[in-house]
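Peer 1: Sharing a model that was predicted from the sequence below.
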Amino acid sequence: MTTKSHTKFGFIKADDRLKAKPKVNIALFGPSGVGKTTQARTLDPSTTLFVDLEAGTLAIQDWAGDVFDIRAAASAIGLHPWEVARLLALIVGGADPSDREGPYSQKALDWAKDALGIPDLDKYSVIYLDSITVASRFCLDYCKSHPTAVSEKTGKPDNRAAYGLLGQEMIRWLTHLQHSDKSIVVVGILDRIEDDLKRVMWEPQIEGSKTGKELPGIFDQVLTLQNFKGEDGNMYRAFVCQQQNQWGYPAKDRSGRLDLFEAPDLGKLMLKIRDGKRIDTTLVTALPTSAESK
């Protein structure tokens, strides 16, 4: 698990930073049934907390890790599932010093630990959230019932206000998780979109447009798990890890250590991100000759 070495004012020395084992924040997308949930089985069960938002852990039934069921917790304490998801993020990321009285304040954190009855999270180095697709649905349902999503003039639901609140809630939730000292993995469904000109695009299945657009800026790594056909005609699965790929799959590698294709083993991939050698060792700071001549 990652530890922070710093002075009392948050200054991190270069030697301490270079020695530290970095956390890895991953957004993993893929079509339904490709095996996103199953990827939790490649992680150390003793240090991974699986957060179940979909009420479906059949794919990891014999995996020995701990599971936190958002729906079950919401029913037990009488809260909306989104409120529980937000409380969990608060416990994982700690109190936000800029929030004095709100949902990410120290006051809310103290209440959340007691209300949810979650044991100490220090043993976990990875939080695996399945899935952001369902989390966004919970969030939208919560936002539609929020007082700010009701028109003051007519008293009727204001969908524009609800979607605006949805974007704010989701971005803050993801950002708060990202600031944790633990590795965060969120998985989500990937949709195939075909426009009127038969052009194919791939988009994360997330309610509202704001979260999907800003998510690549929040996470260090964005991966697509997809099925491919080999030269021998057999099907295989692989992670697509680089933004420049011929299919337009969502992908991003801030570590600079991943190839275009990586084996479908999230545990090994996270080790490669932490300990592997950078592929892009040469920093190119000049334009190609052809571009300079224009």
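Peer 2: Here it is on my side, so go on. From a predicted model like this one, the values you see are computed outputs, not experimental measurements.
Peer 1: Which parts of this protein are strands?
Peer 2: Under the criterion DSSP state E, strands of the chain are mapped to 26-30, 48-52, 66-69, 126-130, 183-194, 200-204, 221-229, 235-240, 252-253, 261-262.
Peer 1: Run through the residues that contact I189.
Peer 2: By C-beta atoms under 8 Å, 6 or more residues apart in numbering, I189 lies in contact with 29-32, 131, 133, 204-205. Every C-beta, even on glycine, is put in place using the N, C-alpha and C of the backbone.
Peer 1: any idea where the helices of the stretch 1-150 of the chain begin and end?
Peer 2: 14-19, 70-77, 81-93, 106-116, 132-144 (DSSP state H, counting those that start in this stretch).
Peer 1: returning to that earlier point: which of the contacts of I189 are buried?
Peer 2: 29-31, 131, 133, 204-205 (16 or more other C-beta atoms under 10 Å).
Peer 1: Looking at these, which one is closest to I218?
Peer 2: Nearest to I218, judged by C-beta to C-beta, of the buried ones among the contacts of I189 is P204 at 12.4 Å.
Peer 1: Is the closest one in contact with L190, as I believe?
Peer 2: Yes - the pair P204 and L190 passes the contact test of C-beta atoms under 8 Å, sitting 6.2 Å apart.
Peer 1: any low-confidence regions in the stretch 51-200 of the chain?
Peer 2: By pLDDT under 70, the weakly predicted segments of the stretch 51-200 of the chain are 55.
Peer 1: Overlap in contacts, P204 and L190.
Peer 2: Contacts common to P204 and L190, judged by C-beta under 8 Å, 6+ apart, are 29, 250.
Peer 1: for K272, what are its contacts?
Peer 2: K272 neighbours (C-beta under 8 Å, 6+ apart): 257-258, 262.
Peer 1: Most neighbours among those residues, please name it.
Peer 2: L258 (23 neighbours; other C-beta atoms under 10 Å).
Peer 1: Look up the closest residue to it, ignoring the ones flanking it.
Peer 2: Nearest non-adjacent residue to L258, counting by C-beta to C-beta, 6 or more residues apart in numbering: C241, 4.0 Å away.
Peer 1: if I read this right, that neighbour contacts A251, doesn't it?
Peer 2: Yes - between C241 and A251 there is a contact at 5.6 Å, judged by C-beta under 8 Å.
Peer 1: Mutual contacts of these two, please.
Peer 2: Shared contacts of C241 and A251 (C-beta under 8 Å, 6+ apart): L223.
Peer 1: Flag every buried residue along stretch 62-81.
Peer 2: By neighbour count with 16+ other C-beta under 10 Å, stretch 62-81 contains the buried residues 63, 65-70, 73-74, 79, 81.
Peer 1: now the strands of the chain in CSV, with distance to I91?
Peer 2: Formatted as CSV, these follow (distance: least, C-beta to C-beta, whole Å):
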stretch, distance to I91
strand 26-30, 20
strand 48-52, 11
strand 66-69, 10
strand 126-130, 10
strand 183-194, 13
strand 200-204, 25
strand 221-229, 23
strand 235-240, 29
strand 252-253, 28
strand 261-262, 31
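Peer 1: returning to that earlier point: any chance of a markdown table for the helices of the stretch 1-150 of the chain, columns distance to L165?
Peer 2: Shown next, in a markdown table, are the helices of the stretch 1-150 of the chain (distance: least, C-beta to C-beta, whole Å):
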| stretch | distance to L165 |
| --- | --- |
| helix 14-19 | 37 |
| helix 70-77 | 19 |
| helix 81-93 | 11 |
| helix 106-116 | 18 |
| helix 132-144 | 4 |
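Peer 1: Quick check: K210 vs E169, distance?
Peer 2: 10 Å (C-beta to C-beta, to the nearest Å).
Peer 1: Kindly apply the preceding question to L58 instead.
Peer 2: Taking C-beta to C-beta, one finds L58 at 29 Å from E169.
Peer 1: Look at the two and report which has more neighbours.
Peer 2: More crowded of L58 and E169, by other C-beta under 10 Å: E169, with 24 against 7.
Peer 1: Right, I'll call it a day here.
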